[in-house]
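> Please find the sequence and the predicted model below.
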2 protein chains.
Amino acid sequence: MKPINVGLLGIGTVGGGTFTVLQRNAEEITRRAGRPIQITVVADKDVTRATAITGGACKVVDDAFAVVSDPNIDIVVELIGGYGVAKELVLKAIENGKHVVTANKALLAVHGSEIFAKAREKGVMVAFEAAVAGGIPIIKAVREGLSANRIQWIAGIINGTTNFILSEMRDKGLSFETVLKEAQRLGYAEADPTFDVEGVDAAHKVTILSAIAFGIPVQFDKAHVEGISKLDATDIKYAEQLGYRIKLLGITRRREQGIELRVHPTLVPAKRLIANVEGAMNAVLVQGDAVGATLYYGKGAGAEPTASAVIADLVDVTRLATADPENRVPHLAFQPDQLADLPVLPISEVETAYYLRMRVEDKPGVLADITRILADEGISIDAMLQREPDEGEAQTDIIILTHICVEKQADAAIAKVEALPVVQGKVTRLRLENLQ
Amino acid sequence: MKPINVGLLGIGTVGGGTFTVLQRNAEEITRRAGRPIQITVVADKDVTRATAITGGACKVVDDAFAVVSDPNIDIVVELIGGYGVAKELVLKAIENGKHVVTANKALLAVHGSEIFAKAREKGVMVAFEAAVAGGIPIIKAVREGLSANRIQWIAGIINGTTNFILSEMRDKGLSFETVLKEAQRLGYAEADPTFDVEGVDAAHKVTILSAIAFGIPVQFDKAHVEGISKLDATDIKYAEQLGYRIKLLGITRRREQGIELRVHPTLVPAKRLIANVEGAMNAVLVQGDAVGATLYYGKGAGAEPTASAVIADLVDVTRLATADPENRVPHLAFQPDQLADLPVLPISEVETAYYLRMRVEDKPGVLADITRILADEGISIDAMLQREPDEGEAQTDIIILTHICVEKQADAAIAKVEALPVVQGKVTRLRLENLQ
């Protein structure tokens, strides 16, 4: 059968991996797809580097717009990233009737609705397995594998950089800053790590997962985003003593009033499988009403793991492009005219449990005052840890784990606790999820 | 759009779950599939029970052959099980141009080639996500999600009954017989548990996984099958002391000479995620050349988890049936004219590491004799444990973990060790996989 001709936009890490794996596994992929899938043209600003990587096996150009208009190209793979020219190129490719495969989570989380609408209009596929959790086929699992279920919630370790940092902080008892430097040296964190460590990357990904799980539009601007840069090694240690690990989770949950969509450091019971996902690995836990909990684990980044997802999408498009567009797997798992207008809840309306750490004077009655405030706000206590003061100190730490409450209740209680004269400074507040 | 009409053959546990979930989540499923998916007719020998379950929501008949010939039926769901009438019905449904969804692992592992050939001839889909690992979308992951990869091996906990028994044996230090009785009482094991505990069920499933991973025909008769009924609680304890857990794994691995296809109790390093999968849960670890290791975890049995997979297949067929049959996802992941004729290797040619336990006289030179035999057979030792004899005993246990060797080497060495006058009785031999 006629080969599928692919135009590759951007041959950096993932683009290079895609090129390599498509070449190395050409025979295996053809046996699966029923026809060869070949990169016919690569567009990259650095033509010299691109030519070195492709070794003359395909055309190299510096003008990506020429590729999206090339009549020989069946599928455009966009690996440029960002919202700028990538968006223009994707829309132009769709306009020209080409299927698109992209790893661009930022683009889809922010401009997905516009892109999918255009794709529908033109009857083309837009596939994005590589946008979430790298090589783990989580998009396919949620969109197709669990389609019988009313999904209840998803919680995922979907940023390898932060999971690596948290693993190292726990293992070695080091501070965030020290481990970040090590991660940068090892190539696990970028020179400007903001997107990763502040949770933005994870929020892009959980925004996409939320849309395909609940049938709502992508709406990154509604996500609550907190990273790990302010996380104190002390809290990792206390969490461990209480039987928990701290992970940066992307969480989305369906409630009657709306959808929770949030990224933040989270205490998770140490005995859960997901709590034991270490280093740069990713894992996503999905709770469905029929299937119960399922977990998906693997490498969430890197040249070849991400290429694995890009190429799976190429094979998918090759296999399924002939299906009637009205019947094909919808871009966001649900039929476009069936998206729900459930609101994304503000963080103040989120329901979760809490870890609270406070520095208090070692005096009688302190604990009574604090627990009274919590009780008055309707917050019940699940566990408590009070350290003996260090030798010669007049202050000590109290750690309280609460049961589930609404965040604004917790906010109100924390404000009152902080106002107590015996409580020093701010209360450290982390969220806790039992994931059951 | 016009509803999809489903004929359900057999409304036992999984059939009942399928009926319930399709009804409960009708709205959600329609939003995904683009049209209602409805069970129009149920065939079951027990018409009274079937009518009670369906509550008059659809027609109930006792003649399954009438359903597979019913011109109104688009998809036939076969949940009867076994090789007998189920095979006839599936072939007849295909013959009549109907798509088939089945959870029947035994049927596919043994007669898959015949069934898929007939389906190809008729241009219909045969979907079987529920046949392996219940609600975990592992078929979809391997067949579609990892299609970029040259799969290297798969190792899975794919029988919940045996994993429950092994977890209990380890947790409580009880014997196989005791725990089996408890499992039967709790409904985790059947009255006749042979298929589960002797590894046959797991072998059916790994046979299917092997086919879709490596592009070979299903060939259950070539699988090496060992269950857990002879497993001694002593070995679980020693394994733990050495940092391992014992799991019944279905393993299939690609080697240059052919494919390994085997089910047996296996020592796995305790720190691996899969070693921590407890109770009746399932998990499958897949190693691909591009993606590395990915793991899929969830409930492998039960009414609704299995129904989740059956219904996902119904949605898939609804979404994709309009695709050109030549291009659609092939039944066994690879194009039918591209199946490889790699042989399935006999167990004597398998490569693995070993756990060897032997009872020896507590005399000088015993260990030297044993290690000499291993060295002469080219087997190197990875770890050793020798217990002090119990008070008043003249014998003790030696446990040896070997590096990887070919099984026939191990067989030869074991025969020689057993022939030593200082070694009492048989050597207990378990296989060990590092899964990395």
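Structure received.
> chain center to the helix or strand hosting residue A:316, what's the gap?
Assessed by DSSP states H and E, residue A:316 sits inside helix A:303-320. Centroid separation for helix A:303-320 versus its chain: 19 Å, with CA atoms, centre = their mean, to the nearest Å.
> same thing with stretch A:252-268?
With CA atoms, centre = their mean, you get 13 Å for stretch A:252-268.
> How about that stretch, which residues are buried there?
By 16 or more other CB atoms under 10 Å in any protein chain shown, the buried positions in stretch A:252-268 come out as A:252-254, A:258-268. Every residue, glycine included, has its C-beta placed from N, CA and C.
> now do stretch A:75-87
Buried residues in stretch A:75-87, counted by 16+ other CB under 10 Å: A:75-81, A:86-87.
> domain parsing for chain A?
The record's domain parsing of chain A by automatic domain parsing lists A:4-127, A:138-299, A:351-432.
> Any idea which of those domains gets closest to residue B:235?
Proximity to residue B:235, assessed across those by CB to CB, is greatest for domain A:138-299 (24.7 Å).
> That closest one close to chain B?
Yes: Domain A:138-299 is in contact with chain B by CB under 8 Å from any CB of the partner chain, via A:140-141, A:144-150, A:215, A:273, A:276-277, A:288-299.
> rewinding a little: format the CA atom coordinates belonging to the helix holding residue A:316 as CSV.
What follows is helix A:303-320, C-alpha atoms only, in CSV (Å, rounded to 0.1, in the frame of the first residue of the first chain):
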residue,chain,number,x,y,z
ALA,A,303,13.3,11.5,23.4
GLU,A,304,12.2,7.9,22.7
PRO,A,305,9.4,7.5,25.3
THR,A,306,7.7,10.7,23.9
ALA,A,307,8.4,9.5,20.3
SER,A,308,6.7,6.3,21.2
ALA,A,309,3.5,8.2,21.8
VAL,A,310,3.9,10.4,18.7
ILE,A,311,4.4,7.4,16.5
ALA,A,312,1.5,5.5,18.1
ASP,A,313,-0.6,8.5,17.0
LEU,A,314,0.8,8.2,13.5
VAL,A,315,-0.2,4.6,13.4
ASP,A,316,-3.6,5.4,14.8
VAL,A,317,-4.2,8.0,12.1
THR,A,318,-3.0,5.6,9.4
ARG,A,319,-5.4,2.9,10.7
LEU,A,320,-8.4,5.0,11.4
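> Now do it: which elements does it pack against?
Counting contacts by 3 or more CB pairs under 8 Å, 6 or more residues apart in numbering or on different chains; DSSP states H and E, helix A:303-320 packs against strand A:4-9, helix A:13-24, helix A:26-33, strand A:37-43, strand A:75-78, strand A:99-102, strand A:126-127.
> sorry, back to before: so which of the domains of chain A gets nearest residue B:51?
Across the domains of chain A, the minimum distance to residue B:51, taken as CB to CB, is reached by domain A:138-299, at 23.3 Å.
> mean confidence for that closest one?
What domain A:138-299 shows for mean pLDDT is 97.
> Residue A:274 belongs to a helix?
Yes: assigned with DSSP: H, G, I helix; E, B strand; the rest coil, residue A:274 falls within a helix.
> burial measure for it, as a count.
Residues near residue A:274, counting by other CB atoms under 10 Å in any protein chain shown, number 23.
> Next: residue A:351.
Number of residues near residue A:351 (other CB under 10 Å) recorded here: 14.
> And for residue A:213?
Neighbour count for residue A:213, taken as other CB under 10 Å: 28.
> try residue A:245
Look at residue A:245: counted by other CB under 10 Å, it has 22 neighbours.
> Surely it and residue A:167 touch.
No: using CB atoms under 8 Å as the test, residue A:245 is too far from residue A:167 to be in contact (9.2 Å).
> Tell me where the stretch 51-200 of chain A has helices.
Here the stretch 51-200 of chain A has its helices, by DSSP state H, counting those that start in this stretch, at A:64-68, A:85-95, A:105-122, A:138-140, A:160-172, A:176-186, A:194-197, A:200-214.
> Now tabulate these in JSON lines and tack on distance to residue B:220.
Listed next are the helices of the stretch 51-200 of chain A as JSON lines, based on distance: least, CB to CB, whole Å:
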{"stretch": "helix A:64-68", "distance to residue B:220": "48"}
{"stretch": "helix A:85-95", "distance to residue B:220": "46"}
{"stretch": "helix A:105-122", "distance to residue B:220": "42"}
{"stretch": "helix A:138-140", "distance to residue B:220": "28"}
{"stretch": "helix A:160-172", "distance to residue B:220": "39"}
{"stretch": "helix A:176-186", "distance to residue B:220": "46"}
{"stretch": "helix A:194-197", "distance to residue B:220": "47"}
{"stretch": "helix A:200-214", "distance to residue B:220": "36"}
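> Residue B:111: which of the ones you listed is closest?
Residue B:111 lies closest, by CB to CB, to one member of the helices of the stretch 51-200 of chain A: helix A:138-140, at 28.1 Å.
> so how far is that closest one off the chain centroid?
Chain-centre distance of helix A:138-140: 12 Å, with CA atoms, centre = their mean.
> Show me what that helix is packed up against.
Using 3+ CB pairs under 8 Å, 6+ apart: helix A:138-140 touches helix A:200-214.
> The helix it packs on vs helix A:105-122, what angle?
Counting by axes from the mean of the first three to the mean of the last three CA atoms, to 10 degrees, helix A:200-214 lies at 40 degrees to helix A:105-122.
> Now, of the residues of domain A:138-299 next to chain B, which are buried?
Using 16+ other CB under 10 Å as the burial test, the residues of domain A:138-299 next to chain B include A:140-141, A:144-150, A:215, A:273, A:276-277, A:288-299 as buried.
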